[in-house]
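Peer 1: After the sequence you'll find the predicted model.
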Amino acid sequence: MARIFLPIIIPVICFWVLLGVLMPKIRLAVNDATQVSQAASVWQVKTALELYRQDYEHYPVMLSSQDLLDELEQNGYIEARGKNIPAFLYEPFSDGQDYTLRVTKN
């Protein structure tokens, strides 16, 4: 019985140990990839804002980030919103001559 039991138990134990060692590293890699994707999405929004400014000589004066994304998408400045566009706060000021864009926690 022990001869059958050991070849099965040892690989199972090794699997769980290996999984325990790798899971934190996998979580870190996924977190890093998400942050990179979100940074790229924010860069896309900033680029779209600059294109909008070139066309209209001011930034959009939307007060809601959702309205801003709708406006940019409807006018063709961004093609489609990805899942990784982080929550952000868009604040235009100086009558559309400048803005701040800050990422917020979800």
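Peer 2: Yes, it's here.
Peer 1: Helices along this structure, start to end?
Peer 2: 2-56, 65-74 (DSSP state H).
Peer 1: Below-threshold pLDDT in the protein: ranges please.
Peer 2: Across the chain, the ranges flagged by pLDDT under 70 are 1-2, 81-84, 106.
Peer 1: right, so the helices of the chain: which one is the most enclosed?
Peer 2: helix 65-74 (a mean of 16; mean count of other Cβ atoms under 10 Å). Glycine gets a C-beta too; all of them are placed from N, C-alpha and C.
Peer 1: Residue 105: which of the helices of the chain is closest?
Peer 2: helix 2-56 (11.6 Å; Cβ to Cβ).
Peer 1: Work out the gap between that closest one and the centre of the chain.
Peer 2: Relative to its parent chain, helix 2-56 has a centroid offset of 13 Å by Cα atoms, centre = their mean, to the nearest Å.
Peer 1: Which elements pack onto that helix?
Peer 2: Packing partners of helix 2-56 (3 or more Cβ pairs under 8 Å, 6 or more residues apart in numbering; DSSP states H and E): helix 65-74, strand 98-103.
Peer 1: mind putting these in CSV, distance to residue 34 included?
Peer 2: Shown next, in CSV, are these (distance: least, Cβ to Cβ, whole Å):
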stretch, distance to residue 34
helix 65-74, 19
strand 98-103, 12
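Peer 1: out of the ones you listed, nearest to residue 5?
Peer 2: strand 98-103 (53.6 Å).
Peer 1: Alpha carbons of that closest one, as CSV, please.
Peer 2: What follows is the C-alpha trace of strand 98-103 in CSV, where atoms were taken according to Å, rounded to 0.1, in the frame of the first residue of the first chain:
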residue,chain,number,x,y,z
ASP,A,98,-5.9,73.9,-19.0
TYR,A,99,-6.9,70.8,-17.1
THR,A,100,-5.8,68.3,-14.5
LEU,A,101,-6.2,64.5,-14.9
ARG,A,102,-5.8,62.4,-11.8
VAL,A,103,-6.2,58.7,-11.5
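Peer 1: Who are the packing partners of that strand?
Peer 2: So strand 98-103, by 3+ Cβ pairs under 8 Å, 6+ apart, packs with helix 2-56, strand 88-93.
Peer 1: Pull up the pairing partners for it, direction included.
Peer 2: Applying DSSP bridges, strand 98-103 is found paired with strand 88-93 (antiparallel).
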